[in-house]
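In: here is the input, now give the coordinates:
(one chain, ligands or ions: 1)
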Amino acid sequence: MEEEVILSLKNVSKSYGSTRVLEAINLDVYQGQIIGYIGPNGAGKSTTVKMMLGLISSFEGDIEIFGEDIKKNGVAYKKRIGYVPENGEIYDSLTPLEYLSFIGGLYGMDQHVITSKTMALMRLFELENVVYTRISSFSKGMRQKVLFIASIIHNPDLLFLDEPLSGLDANSMMIVKEILDQLASEGKTIFYSSHIMDVVEKISNRIVLLADGQIVADGTFEQLQQQSQEGSLEEIFNQLTGFDNHQEIANSFVEIVKNGDPNG
Ligand SMILES: Nc1ncnc2c1ncn2[C@@H]1O[C@H](COP(=O)(O)OP(=O)(O)OP(=O)(O)O)[C@@H](O)[C@H]1O
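Out: Just a heads-up that it's a prediction; the model follows:
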């Protein structure tokens with residue numbers, strides 16, 4: 001497969017007031033890659049994803065998706081992308097069929113295609129009995145499955161996933177991981193943001209680590225291992241983010257819970 005750049009960030013920076021959240025991000029993502037986008041809380045991951053989705057429009061630098069500058073070509077590219085948000089806004093008073101009809105409609109899909117895909121995909125996730133049930137009664141994992149279907153029902157070429165496995169049981173996780181693998185091998189591009197390091201390690205063929213608004217590592221898991229001489233992605237993450245005091249923090253935490261703040 002010819003290597004086509006699907007997503008390109010050039011010198012992308014973002015500030016909120018006087019706080020610099022992202023500093024000169026440069027990143028080219030190629031077709032068929034599964035990017036594991038990781039970093040500590042507050043590093044700027046969601047901000048980057050929201051900029052690429054066009055949800056944050058004021059930033060410095062350039063973002064191109066499918067070869068088009070998203071500032072100039074604001075809407076067309078969105079038909080070819082899908083998104084699972086971290087804290088999914090989902091319309092509780094709707095049923096999955098109503099919700100997916102709404103989403104599919106936004107992507108210009110025919111209603112009969114939406115309905116037949118919804119029925120078939122819900123069945124594969126063992127949700128066929130709740131197609132007509134209001135989402136308000138769903139468990140976290142059931143909602144997550146509906147969000148996942150909503151992100152992919154229009155067969156997008158580029159998929160942004162923020163903690164897509166959150167709330168899923170072990171069996172469902174295996175299905176979603178396999179789906180992502182198959183999609184990538186068919187040439188879809190996946191941008192995967194998560195804090196579950198062993199999943200990122202297994203699923204991604206390229207890992208990008210963001211810390212304090214900058215890319216501090218970018219490569220395959222094996223390349224990152226060689227670079228930092230650590231074993232697991234969790235250990236690499238700790239090392240590259242300069243974190244080695246989890247024990248001390250935990251000790252202090254438990255001590256204060258038991259005996260109160262010694263300085264207080
Ligand atoms: N609307 C906003 N106004 C001001 N500051 C913001 C806003 N949104 C995000 N930030 C700040 O930008 C920084 C990066 O936030 P962001 O949500 O991108 O982090 P993240 O890497 O996704 O974190 P997490 O892993 O916790 O989801 C944080 O310091 C956050 O407080």
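In: helix or strand: which one has residue 262?
Out: Counting by DSSP states H and E, residue 262 is held by no secondary-structure element, helix or strand.
In: to clarify, my last question referred to residue 230.
Out: Judged by DSSP H and E, residue 230 forms part of no helix or strand.
In: please enumerate the helices of the stretch 51-200 of the chain.
Out: Taking DSSP state H, counting those that start in this stretch as the criterion, the stretch 51-200 of the chain contains helices spanning 96-106, 111-124, 140-152, 170-185, 197-203.
In: deepest of those helices, which one?
Out: Of all the helices of the stretch 51-200 of the chain, helix 140-152 carries the top mean neighbour count, a mean of 21, counting by mean count of other Cβ atoms under 10 Å. For the C-beta atoms, the positions are set from N, CA and C on the backbone; glycine is no exception.
In: which other helices and strands does that one contact?
Out: strand 81-84, helix 96-106, helix 111-124, strand 158-162, helix 170-185 (3 or more Cβ pairs under 8 Å, 6 or more residues apart in numbering; DSSP states H and E).
In: of all those, which one comes closest to the ligand?
Out: Closest to the ligand of the helices and strands packed on helix 140-152 is strand 158-162 (Cβ to the nearest ligand atom; 7.8 Å).
In: can you tell me what sits against the closest one?
Out: The contact list for strand 158-162 (Cβ atoms under 8 Å, 6 or more residues apart in numbering) reads 6-7, 45-46, 49, 52-53, 65-66, 80-86, 151-152, 180, 183, 188-194.
In: flag every residue of this structure that's near the ligand.
Out: By Cβ under 6 Å from any ligand atom, the residues of the chain that approach the ligand are 16, 21, 39, 41, 42, 43, 44, 45, 46, 47.
In: who's the nearest residue in space to the third one that is not next to it in sequence bridged to?
Out: Yep, that's residue 39 we're talking about. Ranked by Cβ to Cβ, 6 or more residues apart in numbering and with sequence neighbours excluded, the top spatial neighbour of residue 39 is residue 210, at 3.6 Å. Beta bridges link residue 210 to residue 215, judged by DSSP bridges.
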